[in-house]
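Peer 1: I'll drop the sequence and a predicted model, then ask my questions.
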Amino acid sequence: MSEGKSQSNQIDRKKLLRATTYIIVIIAIMSIIWLLPRVALGTSTPFFSVSSESMVPTLNVGDYIVVKAVSFDELKADDTGYTGDIIVFYKPTNPNEIIVHRIYSIDYEHKTLRTWGDANGGAVDPWIVTEEDIIGKYTGFKIPYLGYLALLFPYPINYIFIIIIIIIIFFIELSSTEKKEKKIESPP
């Protein structure tokens with residue numbers, strides 16, 4: 001009987017080790033996917049979902065955009081058309097709100113700028129954006145419609161969702177290993 005218990009404990013350890021290994025690999029891959037763009041683009045928040053129509057036709061609601069860190073002195077403005085840089089920034093009148101707009105004008109001496117949305121009929125935004133408000137500059141890369149997922153599952157819900165999926169994978173792996181072992185033990 002002690003031999004059966006020992007074999008059962010060894011099987012349980014194997015199942016636990018295998019399930020744990022899968023989870024570690026998944027977490028490592030997710031960490032690389034999460035960390036690599038942040039390092040490469042120089043910002044802690046390199047991805048954003050466009051949530052308003054203020055930048056149509058350049059950017060649409062649901063576009064998932066890539067943003068990179070940029071020096072204030074590298075930014076370019078255009079008060080005559082649609083060639084100024086598009087930036088992502090904290091709204092000066094409400095720091096909890098993030099805006100994606102084009103630069104209209106820049107005051108390099110005071111490190112401030114004015115913005116406008118492409119779809120806002122040439123109206124300049126009523127606020128002044130400071131260097132500290134800027135999150136990053138739009139790189140020109142976007143994935144249409146993917147942003148709807150991020151809008152559907154905002155922070156922290158997205159992280160909770162990922163944790164739940166990892167836990168489910170862990171238990172599925174534990175139970176699937178158990179089923180495989182039962183199939184091997186029972187003769188046809």
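Peer 2: Structure's in. What do you need? Numbering: from 1, shown residues only.

Peer 1: Just name the shakiest helix or strand of this structure by mean pLDDT.
Peer 2: The helix or strand of the chain with the lowest confidence, counting by mean pLDDT, DSSP states H and E, is helix 157-185 at a mean of 72.

Peer 1: quick one: pLDDT of the spatially most central residue of the chain?
Peer 2: Ranked by distance to the mean C-alpha position of the chain (CA atoms, centre = their mean), the top residue is F47 at 4.9 Å. We note a pLDDT of 91 for F47 in this prediction.

Peer 1: ok, it touching D63?
Peer 2: No - using CB atoms under 8 Å as the test, F47 is too far from D63 to be in contact (10.9 Å). To be clear about C-beta, it is placed using only N, CA and C from the backbone, and glycine gets the same treatment.

Peer 1: which residues pair with the closest residue to D107 other than its chain neighbours across the strands?
Peer 2: With sequence-adjacent residues excluded and distances taken as CB to CB, 6 or more residues apart in numbering, D107 is closest to L113, at 6.7 Å. Residues found in beta-bridge contact with L113 (criterion: DSSP bridges) are I106, V129.

Peer 1: Let me see the contact set for L113.
Peer 2: L75, A77, I103, Y104, S105, I106, D107, I128, V129 (CB atoms under 8 Å, 6 or more residues apart in numbering).

Peer 1: Make a ChimeraX selection of the buried ones in these.
Peer 2: Isolation of the buried members of the contacts of L113 (16 or more other CB atoms under 10 Å) is achieved in ChimeraX through the command below:
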select :75,77,103,104,106,129
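
Peer 1: Now the two most distant members of the contacts of L113.
Peer 2: Every pair in those was compared (CB to CB); the two farthest apart turn out to be L75 and I128, at 14.2 Å.

Peer 1: so where's the chain shaky on pLDDT?
Peer 2: Counting by pLDDT under 70, the chain shows low-confidence ranges at 1-11, 176-188.

Peer 1: care to break it down by domain?
Peer 2: The chain breaks down into these structural domains: 2-41+153-178, 47-145 (assignment by automatic domain parsing).

Peer 1: out of the ones you listed, deepest packed?
Peer 2: Mean neighbour counts were taken over those using mean count of other CB atoms under 10 Å, and the top value, a mean of 16, falls to domain 47-145.
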